[in-house]
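Asker: Output the structure for:
(2 chains)
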Amino acid sequence: MALIEKLQRRIIDLGLLPRIVRFLPKLSILCGILGICWLTLLLPLEGQYRHTYISENALMPSQAYSYFRETEWNILRGYRTQIQVLEEKSSKERNEVVASWFQEFGAKTAFYEDDLHGNTMYGVLHAPRGDGTEAMVLAAPWYNGDGEYNIGGAALATALSRFFSRWPVWSKNIIIVFSDDPEASLRSWVHAYHTSLDLTGGSIESAVVLDYPGSNDFFKYVEIYYAGLNGELPNLDLVNVAVHITEHEGMKVSLNGVSEEEMEKRNYFSKMKTMMVGVKKMALSGVQSCYGNEAFSGWRIQAIVLRARGTDGPFDITTFGRIPEATFRSVNNLLEKFHQSFFFYLLLAPRYFVSIASYLPAAVAFSVSFIVATLDCVLKSGASNTPAFSVHNLSAVIGFTVALLLSFALSILFSHWQYSSLLISCNAVIAVLPAIFGRQGIEASHSYQFKSVAFLYLSVVLTSLLVINFALAFGIGLLAFPLILVKAPMTSRQRVKNTILLILSNPFISTLLFVNTFEPQLSGLQLFHRLVQAWQKLGCWTWSVVCIGWLPSWLLVACSGIPMPYQPVGGPSQRLGSSTKKTQ
Amino acid sequence: MRALLVLFWAFLVAKAQEVRSSIDEELLIPNETESAGSADETCIAEDSSFGLDSGNSTSNDKEDPVEEELLNEALQKPVFFEKQDAIKYPFAEQLTLKPLPRNYMVASFQFQMASNNLSVGQSETDFDAYRHYTVFPKAISPILEYTNTRQLHLRFTHGLWDSESWGQLPHKGSKSGGNGVELWAVIEADSKEIAFRHWVSLANSLSGLFCSSINFIDSERTTYPVSSFQPQGDGGLPVFNATNGLFLIRAALANEPICTENLTPFLKLLPTRGKSGISSLLDGHKVFDSNWHSMSLDVETTCDGNDCKYHMEELIEIVFNVPNTLARAEKPIPKPVKESDLKCDESKPHDNFECFPLPQSKEIKFRLSELFGKQIVGSSLISESPSQICADVSDNWKAYIDVDNMLFATDNNCFSVKENKLHDLYLESDDTTQVTPPESVPLYVSRSLTGYGQDSGGLRTVFKNPGNESVNAIYFEALPWYMRIYLSSLKIESADGLEIEDVVRGTYYLPAIDRERPTHLEYNLTIPANTTIALSYQFDKALLKYAEYPPDANHGFEIESAVVTVLEPVRYEMRTATLLLSLSTPDFSMPYNVIILTSTVMGLAFGTLFNLMVKRLVPLEEADRQASLRPGLKGKVARMLKAFSLKRKKVDEVKKRQ
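Answerer: Alright, predicted model coming up:
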C-alpha cells in the first residue's frame, strides 16, 4: 500500500471530497473576494510595490543639460502669437502656414489628407548622425482631448523643432505631427504612415504628445498619460524617463489625471487610489477622451502624453518644453528598441510600481472563481451520469451557441444603429424574465448546466485576457462576479435576488452604472456610443470583448432561470436519483 | 657658441627680408579685391591630359598687367635652386566646392592616379617579378593581383542626399553608395566558385586595409548583378587568361558605421598622405560632422595592347550646412542665442519677450579654413598637374584664394595651388538662394516598410517621375533570406490606372536560400512622364536560430538600400534609404529562467509524486521482519549484511567497554 493509497483512504474516511464539493460555492466567492482584496488592499502595502528605476543604461535621462530656455522663450512666444491668430482658420490653412515655417529651418513636410478626419501635416527632421531608419515622433494635435485649442502645444512643437534642427546630436529622425485631434485623425495618420505615406522617416520608436491648451505662460504641474489601447502600455523606461525629467526640472507629476490634492499625498490610500485610477484608465482607454498616446498603440511605438495643467504656477512653458527635449535626448541614445524594462506594470505613484507577477493574481483569482463555480455546477447538474450527447447535455451547448451568435449579431448591429436606451431596456427585460417565468419551477439540472457552460466560457475569456489586457479582465471579472451568486429560483425572494444580481452583472447595465459612478467624463448613455466609436475609429476591442466575451455568459445565466419548452424524458432529478440508487 | 650667433644673425636677416617682401607685394596690389589674378601665374597649367573631368584645369585666359608686374617681381628675386626637370607622376587632385540651395554646400575632393605598367601573366612570386610603385598605393595592387580583380569599387556613404532640393548626386550618382559600405568588383576566374573564393579573399583584405567590417561579406549577402552595376567604358575589360571569364560580384553592408578609422586609410593611399595638397584639409571631425558624406574608391585595369595599368580614383564628398557648421566651429554647443542677436521678423509682433524668427540669413562670407578647421598646406608637388580648387558658383558669389593673407580671384573661379604655402579659399555671397541651378533628377525613389506585427510585413517603393519624358530604369534589390518575399503579392498603386505590365518590363528574380543566398531582384521599369507609382509586395519574417541574432538583437536588422539605375533619358544612379526590419527577438535571458524554473517545479513534483506512489509507511519491526524474510539471493545478502553489522556493533560495544 503506497503512501498515495493511504492518503486516498484517509480522504475517503474523513469524507473530505463531499465536504470540498459542498464548499465549492463558498470557495468561488472567496476567490473573487481574494481577487479584489489582492489588488486594492494588498498591493499598496509597503513591501508589495517597488521603486521604479531606469533599466536601460543608455537612456541616461537628464544627464545632458537642457538648453531649451532663455531666448527660446521669445521665439516660442513669437510662434504662439501667430498660432493664436490661426485658430479661426481651417486645419488645412493652418497646416500650410506651419509647414512654411518648418521648411524654413530645413524640415521636409508633407500633408496627409483623410476625408473623414481632416488634414494632417507632418515634418521630418532628418538626423545628420543617424542612418535614417528610426524616428521619434513629437505630436501636437490642434485640438486636445477636451476639445481645447492646443496653442501652447503647437507653439512648443514648432519652437522645439526649430531648436532641434540646430542640434547635430540626433541619431534618429524627428517627426513632428500636427493632426486635427488626438484621436481618430492622429490614429489615421499613424496608420497611413505604416501603409501609404510617401514621406517617411523610418520606424517610429517613441512618441510624445504635447498638450498645452491656452496661451498662458505659466502652469502648475504636469500630467502624464500612458495607457494605450487594448491594454498596451509603453515600456516602463519611457514613463520613468518622463517622470524623472519632469521631477528633475522641479515639476510635480500626476499620473492619469489624478487630482492635484491626491498627487501631493504619499500614503497608503493615495497609492491605492492612483493605482485604481490607472487600472480604470487602462480598462476604459480609447473609450474615455483620448489625449493622443492611444493613437500609437499597436505598432510597437512607445507613446506618452505630457499635459500642462493649471494656468498659473511657478513653471514657465519652456520648462515644459524641456521635458520633451530631454526625453528625445534620452531616446536618441538608444541603440536598440525599448526592450529592457517592463511592458506590464501598474503605477502606484510616479516612482512606485508593481510588475505583472505581483498584480496578475488578482485577475487570476476571478478566473479561478469562475472555474470553481463551473465545477460546482457540473457536479450538481449530474451531467457525468448522462450520456455525453443526450438532448439534455446538448441543450446547454446549443443554448450557448445561440447566445454567442446573438451577442455577435448585437455587437455588429448596435455599431450601425445605436439605440442605447433600447439596448439597456432589452437587457433589463431579459434580466426580469426569469423572475416571471421561473415561477413554474425549473429543473435544477437544466439550470446548472446552463450556468456551468456560462461560467466556463467566462473563465476562458478572462484567462485569455488577463495577460493581454489585465485591466479589462479584472473589470469584467469584478462586474460579472454577481453572476456566481445567482441560484436556482426556489422562493420568490430568491427570484427577486436573482433579478437584482442579473441586472448588476449585465454587461451593459453594470458598465453603465460603473462609469456613471466613477467616470464623470462618460455620464449618461454616451458610454455605448464611445465604445462603438473606439472600436470603429481606433481599433479598440473593448466593445467586442464585452459583447462577445461577457454577454453570452450572462444570457445563459439568465436563461438558466427560465424553464425550457421541451421536457426531457424521465426528468433529470429522477434520473439523478435513480442513478445514485444504482451505484449504491 | 659662435656658430649659434651666426645662425641667429642669419635668422634675423631672413626674417627681415620676409617682412619686407610681403610689404612689397602688398604695395604692388592696390586693391586686392578688385584685381583678378592668381598667385601662381608664373606657370600656367597646361597639362590636362590626365585631366579631371570638370575641364577647369586650364586656367585663366585673361591676364592683367598686375600679373605682369608680379612676374617681373618674381624674376627679380634671386633664385637659388631651379627646378628644371622635376619628376612628375600621374597624379591629379581637385577640390570642387558647390553651394547648394538652403545654405548647403558640397565639397568634392577628387584624386586620380595611375600605376606603372603591369607585367601581365607574371605572378607576384616570380623570381624576376618587378614591382615599382610610384604614386599608386602599394597596398592595393597585390590584393588585386592575388584575387584576379580587374575592377574594384568601394563605397562608404552616410547620410541623406536631399535630391529634391539639391538635385542630382555628384557624378550622376555613380560614385556614391547606399548608407553603409558597398563593394562590387569584376573578378577574372574560370568558374563562379573560384570567383567567389577570390571575392571573399578580396573582401577580407579590404576589411583589414580600411578598418571596416567588410569581412562580414559572405554568400548570404553576395549577389551577381545582371543588369545593374555593369562596367562602363568603351573598351571591354581585359582578361589576362583567355580561358577565364569575368564575374561581377556585389555586396553591401547596410548602415555600417563610417568613421575616422575609415578615412585615415583612405588618406594613406594618397601619395600626399593627407600632409599636403587638398587632402590636408580632410579631418575626421569635420568630414563626419556633415549632413551627407561619401568616400569612394574605384580601381580599373586598362590595357593598351599588352601594356596594362591600374587607374585609381578616390573621391571624398561632403555636404555641409554652412551657417550651422560655422556656428558650430564658433560655439560647439548650439545654446540659445543672446537676446541682442535674435533676428526677428519686423512685420510680426516683436518686443523684449517675443520674437518670430527670421529664416536663415541670405548673406554669407566664410573661409574654407573655418569650415574645415585647417588650411591647405601647399600643393602636391609630385603630381603632373598642380592641385586645383574650383568653386562652382553663380554670378552673385565671389570666390578668392587667400595666399599669405592676400586674396586673388580668377574668371572661372578655379585656382591652382602651386607653392608650398598655406592656402585658403574665401567665399562670399549676398544671396545664397542663388546658386548654380542643380541638375534635375530624372526619378525620385523612396522605399519604406509597411505592416503591423512581427510575423509579416511589406515593402513599398514609390517612384516619381517629375520629368516630361518617360524614364527607363533598372531597380535592383538584394534582400536577406529572413525576409521571405512573395513576388505574387506584387501590387501597383497608381493614380493613372497603370497596370504592372505597363511599368515592369522585365524581371530577374533569384529566390533566396535560407542562410546561403539573398533574394536577388532586378526589375526593368518604365515610368511614364509626370507620374507617380508605388510598387509594393508582402513578405514573411523568418524565425532565426538562437545564435543567429547579432549582439544588439533588439536594434533590428538592417536592410540594404535598393539601387536604381536610370538608363534613359540620362544615365543616373541612386540608392533608396536603408531600412530597419524588426524580427521577433527572444528575451535572451528568459530561456535560462524558464529552464531553471521548470526544472525546479518538475523536480519537486516528481519527487513528491514518486514518493507518494512508491513508498509506504510501516513500523520499524515490520520493516526488519520483511527484510529478513526476503527470499533468494537478495535476502541472503541482506541477512549477511545485517549479521555483519550486528557483529560489528557487538565488537564496538566490547571495545567501548574496554
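Asker: What residues does the stretch 551-658 of chain B have near chain A?
Answerer: B:552-556, B:558, B:577-580, B:582, B:585, B:587, B:611-617 (CB under 8 Å from any CB of the partner chain). The way it works is simple: take the backbone N, C-alpha and C, and place the C-beta from them, glycine included.
Asker: Now the buried members of those residues.
Answerer: Listed as buried from those are B:553-556, B:558, B:577-580, B:582, B:585, B:612; burial here means 16 or more other CB atoms under 10 Å in any protein chain shown.
Asker: Go through the residues you listed and flag which are in strands.
Answerer: Within these, residues falling in strands by DSSP state E are B:558, B:579-580.
Asker: Distance to residue B:639 and pLDDT added to the buried ones among the residues of the stretch 551-658 of chain B next to chain A, as JSON lines?
Answerer: Output for these, formatted as JSON lines (distance: CB to CB, whole Å; pLDDT from 0 to 100):
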{"residue": "B:553", "distance to residue B:639": "65", "pLDDT": "86"}
{"residue": "B:554", "distance to residue B:639": "67", "pLDDT": "88"}
{"residue": "B:555", "distance to residue B:639": "72", "pLDDT": "89"}
{"residue": "B:556", "distance to residue B:639": "73", "pLDDT": "89"}
{"residue": "B:558", "distance to residue B:639": "76", "pLDDT": "91"}
{"residue": "B:577", "distance to residue B:639": "87", "pLDDT": "90"}
{"residue": "B:578", "distance to residue B:639": "82", "pLDDT": "92"}
{"residue": "B:579", "distance to residue B:639": "80", "pLDDT": "92"}
{"residue": "B:580", "distance to residue B:639": "77", "pLDDT": "91"}
{"residue": "B:582", "distance to residue B:639": "72", "pLDDT": "89"}
{"residue": "B:585", "distance to residue B:639": "64", "pLDDT": "87"}
{"residue": "B:612", "distance to residue B:639": "30", "pLDDT": "84"}
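Asker: List the contacts of residue 435.
Answerer: All of this refers to chain A. Contact partners of residue A:435, counting by CB atoms under 8 Å, 6 or more residues apart in numbering or on different chains, are A:489, A:495-496, A:498-499, A:561.
Asker: not what I meant, chain B
Answerer: B:98-101, B:393-394, B:397.
Asker: Now a PyMOL select for only the buried ones of these.
Answerer: Buried subset of these, written as a PyMOL selection, criterion 16+ other CB under 10 Å:
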select buried, chain B and resi 98+99+100+101+393+397
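Asker: Tell me who's in contact with the closest residue in space to residue A:42 that isn't next to it in sequence.
Answerer: Nearest residue to residue A:42 in three dimensions, chain neighbours excluded: residue A:48, at 5.9 Å (CB to CB, 6 or more residues apart in numbering or on different chains). When contacts are counted by CB under 8 Å, 6+ apart, residue A:48 touches A:42, A:354, A:358.
Asker: what do you get if the cut-off is 10 Å, keeping everything else the same?
Answerer: Shown in contact with residue A:48 (CB atoms under 10 Å, 6 or more residues apart in numbering or on different chains): A:38, A:41-42, A:271, A:348, A:352, A:354, A:358-359.
Asker: hmm, which two among those residues are most spread apart?
Answerer: A:38 and A:352 (17.0 Å; CB to CB).
Asker: What is the burial count for residue 292?
Answerer: You didn't pick a chain, so chain A it is. The number of residues packed near residue A:292 is 31, by other CB atoms under 10 Å in any protein chain shown.
Asker: wait, chain B
Answerer: If we define neighbours as other CB under 10 Å, then residue B:292 has 22 of them.
Asker: Could you report the pLDDT at it?
Answerer: For residue B:292, the pLDDT comes out at 92.
Asker: Could you do residue A:195 as well?
Answerer: For residue A:195, the model assigns a pLDDT of 90.
Asker: And for the one 10 residues further on?
Answerer: Looking at residue A:205, its pLDDT stands at 93.
Asker: Surely it touches residue A:136?
Answerer: Yes. Using CB atoms under 10 Å, residue A:205 is in contact with residue A:136, at 6.0 Å.
Asker: Please enumerate the shared neighbours of these two.
Answerer: A:172-173, A:301-302, A:331-332, A:334.
Asker: of all those, which comes closest to residue B:389?
Answerer: Using CB to CB, the shared contacts of residue A:205 and residue A:136 come closest to residue B:389 at residue A:173, 34.3 Å.
Asker: who touches residue 253 in this structure?
Answerer: The chain I'm using is chain A. By CB under 10 Å, 6+ apart, the residues touching residue A:253 are A:221-224, A:239, A:242-247, A:263, A:306, A:323, A:349-351.
Asker: other chain: chain B
Answerer: The contact partners of residue B:253, by CB under 10 Å, 6+ apart, come to B:156, B:178-183, B:203, B:212-217, B:221, B:558, B:560.
Asker: Kindly recompute the last result at 7 Å.
Answerer: B:180-181, B:213-214, B:216-217 (CB atoms under 7 Å, 6 or more residues apart in numbering or on different chains).
Asker: What distance do you get for the residue positioned nearest the centre of chain B to chain A?
Answerer: Centroid-nearest residue in chain B, with CA atoms, centre = their mean: residue B:156, separated by 1.3 Å. The gap separating residue B:156 from chain A is 13 Å, by CB to the nearest CB, to the nearest Å.
Asker: That residue contacts residue B:181, correct?
Answerer: Yes. Counting by CB atoms under 7 Å, residue B:156 touches residue B:181, with 5.6 Å between them.
Asker: tell me the domain boundaries of the chain?
Answerer: Just so you know, I chose chain A. Per automatic domain parsing, the structural domains of chain A span A:22-43+A:358-583, A:66-350.
Asker: wrong chain, I was asking about chain B
Answerer: B:91-119+B:140-335+B:357-429, B:444-584, B:594-655 (the TED database).
Asker: now, of those domains, which is deepest in the fold?
Answerer: domain B:91-119+B:140-335+B:357-429 (a mean of 19; mean count of other CB atoms under 10 Å in any protein chain shown).
Asker: what's the first-to-last distance across that domain?
Answerer: Start and end residues of domain B:91-119+B:140-335+B:357-429 are separated by 33 Å (CA to CA, to the nearest Å).
Asker: Okay, now the unreliable bits of chain B?
Answerer: B:1-86, B:119-131, B:233-235, B:630-631, B:635, B:651, B:654-658 (pLDDT under 70).
Asker: The closest residue to residue A:90 other than its chain neighbours: how many residues sit nearby?
Answerer: Counting by CB to CB, 6+ apart, residue A:90 lies nearest to residue A:119, which is 7.9 Å off, once chain neighbours are set aside. When counting by other CB under 10 Å, one arrives at 20 neighbours for residue A:119.
Asker: for residue A:371, same thing?
Answerer: 19.
Asker: cool, and residue B:338?
Answerer: 9.
Asker: contacting residues for it?
Answerer: Counted by CB under 7 Å, 6+ apart, residue B:338 has contacts residue A:71.
Asker: How are the helices of the stretch 451-600 of chain B distributed by residue range?
Answerer: Applying DSSP state H, counting those that start in this stretch to the stretch 451-600 of chain B gives helices spanning B:500-503, B:590-614.
Asker: Noted, bye for now.
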